[in-house]
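1. pasted the sequence and its predicted model underneath.
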Amino acid sequence: MTQTTLIGRVLLGVLYTSIAVAILVTAMLAVSPESYQPKVILGKQEVTVTIADTPLLREKGLSGRKALASNEGMLFVFSEPGFHGFWMKDMLFSIDIIWFDQNRRIVDVWERATPASYPKVFTPRVSAQFVLEVPAGFFLDHSLKIGDIVEILK
């Protein structure tokens, strides 16, 4: 075997090995655990949330979505506590709206807000920094009450 043929075979082997490694890495990434989803814990119930922390995301909210799963919600995050109001514009299902303060204590709730209530604006009776929208009946079904602590897992 000539030296040129030997070098060609070595280079070809390196190329095949590189391709095999690239395929293996791609396959491993494809089956990795799904990307992390933030969660909120209320009482004993864990809720997977979508975060709405910009004016555009907060304005859109859940508008246009068809439904929420029983353990799913949207968490609205504000930079400062306030009397942040919510409406049911372009909503297709009823929800519970839960306000909590900077200490993560539930300060108010509006249960079973319906799409038919639009353009009414629901505001808390007490200043709040966070709002959680969950499926209608969630607050009652999980025996939640004003003063309960909400845990936010990031």
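-> That came in fine, so what should we check first?
2. how is the protein divided into domains?
-> Domain segmentation of the chain under automatic domain parsing yields 1-32, 39-153.
3. tell me which of those is the most buried.
-> Highest mean neighbour count of the domains of the chain: domain 39-153, a mean of 16 (counted as mean count of other CB atoms under 10 Å). Glycine gets a C-beta too; all of them are placed from N, C-alpha and C.
4. give me the three-state assignment for the most centrally placed residue in the chain.
-> Closest residue to the average C-alpha location of the chain: Thr50 at 1.9 Å, with CA atoms, centre = their mean. Using DSSP: H, G, I helix; E, B strand; the rest coil, the secondary structure recorded for Thr50 is strand.
5. quick one: the nearest residue to it once chain neighbours are set aside from Arg9, how far?
-> Distances taken as CB to CB, 6 or more residues apart in numbering put Met74 closest to Thr50, at 5.0 Å, once the chain neighbours are dropped. Met74 sits 59 Å away from Arg9, taking CB to CB, to the nearest Å as the criterion.
6. thinking again about what came up before, residues contacting the residue nearest to the centre of the chain?
-> Gly73, Met74, Leu75 (CB atoms under 8 Å, 6 or more residues apart in numbering).
7. next one, pLDDT for it please.
-> Per-residue pLDDT puts Thr50 at 96.
8. one more: Lys154?
-> pLDDT, read off for Lys154, is 75.
9. wasn't Leu56 part of a helix?
-> Yes. Assessed by three-state DSSP, Leu56 belongs to a helix.
10. re the thing from before, how close does the residue nearest to the centre of the chain sit to Ser127?
-> On the measure of CB to CB, Thr50 and Ser127 end up 24 Å apart.
11. now the helices for the chain?
-> 3-30, 55-60, 138-141 (DSSP state H).
12. how far does the longest strand anywhere in the chain sit from its chain's centre?
-> Secondary structure of the chain per DSSP state E: the longest strand is strand 72-82. Its chain's C-alpha centre and that of strand 72-82 lie 11 Å apart, by CA atoms, centre = their mean, to the nearest Å.
13. with stretch 124-141 instead?
-> Counting by CA atoms, centre = their mean, stretch 124-141 comes out at 15 Å from the chain centroid.
14. nothing else from me, thank you.
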